[in-house]
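Asker: Could you look at this predicted model? Sequence included:
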Amino acid sequence: MAAKTKKAALCPVGGKPASASPTVCPAGVDPAAVPLPVAIILPTSFLLWGSMTLIRLSPKMTDGQEQIFHGVFMSLIAYPLGLAIPHAKMKKAMSLAHGVALLQGAVLIACGLAWHSAFGFVDKTTVSVWVKYINLYGMWGNTAGILWGAIMGAKDLFYYSKDYVSYQAPPWQENVQHIVLKSQGLCNMIAMVMIMKQMAATIEAAECSV
C-alpha cells in the first residue's frame, strides 16, 4: 500500500507520469481548472456576439477600421481560451492558440491603424479590399488551425509537441489542419508582400510630389 502511495505521489496533478503506465496515474483535469461548460460558453458567446456586431457594422467601417475591429474581436476571444487549456486534447496547442490570438489581434490593430495613413491604401478600392481579406484570412486561419488541433488532437504540424502526444487523430482531421494552416501561412506572406509594395509606392509618390 505504501509503495502505491509513493508511486502515485510522483504523478503530476491531473496528468500522467512520464514513465509510468496510464493505469497507475489516469489522466484527468486539474482541480484548479474552471468547469468545462464555462470554458466553452465564454469564448463561444464572445464569438457569436462579435460576429453579429461585425455583420451590423461592416458596411459602415473603412478597411482600416474593419481590421482594428477584427483585432479587438480576436483578442476578446483569445482571453477566455486560456480557461480551456486544461480541457484540451493537446494542452500545449491550446496554450499556443491563446497566445497567438492575442499577438495577432495586436498585429491586426496595428495594421488597421496604419492601413490608410502609413500604408496608403485607398478605402474600398479593389486592392485595399483584396489585401484586407487576404490578411484577415491569414490571421484568423492561423488561430483556427491551432484551435482545431488543440480540440480534435490533429498534431502533424505541431512539431513542438507531437512526439509527446500518444493520441492520433483520424486522417481527415489531420488533412483539415494541413489545408488551413498551410493556406493561411501563404496568405500571411502574400498580404505582407502586398502591404510592403503599397507602402513603398506611397512613399515614392510622396517624394515625387515634394
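Answerer: Received the coordinates, thanks.
Asker: which residues are contacting stretch 176-189?
Answerer: 134-135, 137-142, 144-146, 148-149, 152, 154, 156-157 (CB atoms under 8 Å, 6 or more residues apart in numbering). Every C-beta, even on glycine, is put in place using the N, C-alpha and C of the backbone.
Asker: Those residues, buried ones only, as a ChimeraX selection?
Answerer: The buried residues among the contacts of stretch 176-189 can be selected in ChimeraX (16 or more other CB atoms under 10 Å) with this line:
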select :134,135,137,138,139,140,141,142,144,145,146,148,149,152,154,156,157
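Asker: Go through the contacts of stretch 176-189 and flag which are in helices.
Answerer: Residues of these located in helices (DSSP state H): 134-135, 137-142, 144-146, 148-149, 152.
Asker: Turn those residues into JSON lines, including pLDDT.
Answerer: Shown next, in JSON lines, are those (pLDDT from 0 to 100):
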{"residue": "Ile134", "pLDDT": "98"}
{"residue": "Asn135", "pLDDT": "98"}
{"residue": "Tyr137", "pLDDT": "98"}
{"residue": "Gly138", "pLDDT": "97"}
{"residue": "Met139", "pLDDT": "97"}
{"residue": "Trp140", "pLDDT": "98"}
{"residue": "Gly141", "pLDDT": "97"}
{"residue": "Asn142", "pLDDT": "97"}
{"residue": "Ala144", "pLDDT": "97"}
{"residue": "Gly145", "pLDDT": "96"}
{"residue": "Ile146", "pLDDT": "96"}
{"residue": "Trp148", "pLDDT": "96"}
{"residue": "Gly149", "pLDDT": "94"}
{"residue": "Met152", "pLDDT": "94"}
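Asker: Gln168: which of these is nearest?
Answerer: Nearest to Gln168 among the ones in helices among the contacts of stretch 176-189 is Met152, at 11.2 Å by CB to CB.
Asker: Just give the number of residues close to the nearest residue to the closest one once chain neighbours are set aside.
Answerer: Of all residues not flanking Met152 in the chain, Gln173 sits nearest, at 4.8 Å (CB to CB, 6 or more residues apart in numbering). Close neighbours of Gln173, defined as other CB atoms under 10 Å, add up to 18.
Asker: closest to Ser95 among the ones in helices among the contacts of stretch 176-189?
Answerer: Ile146 (9.7 Å).
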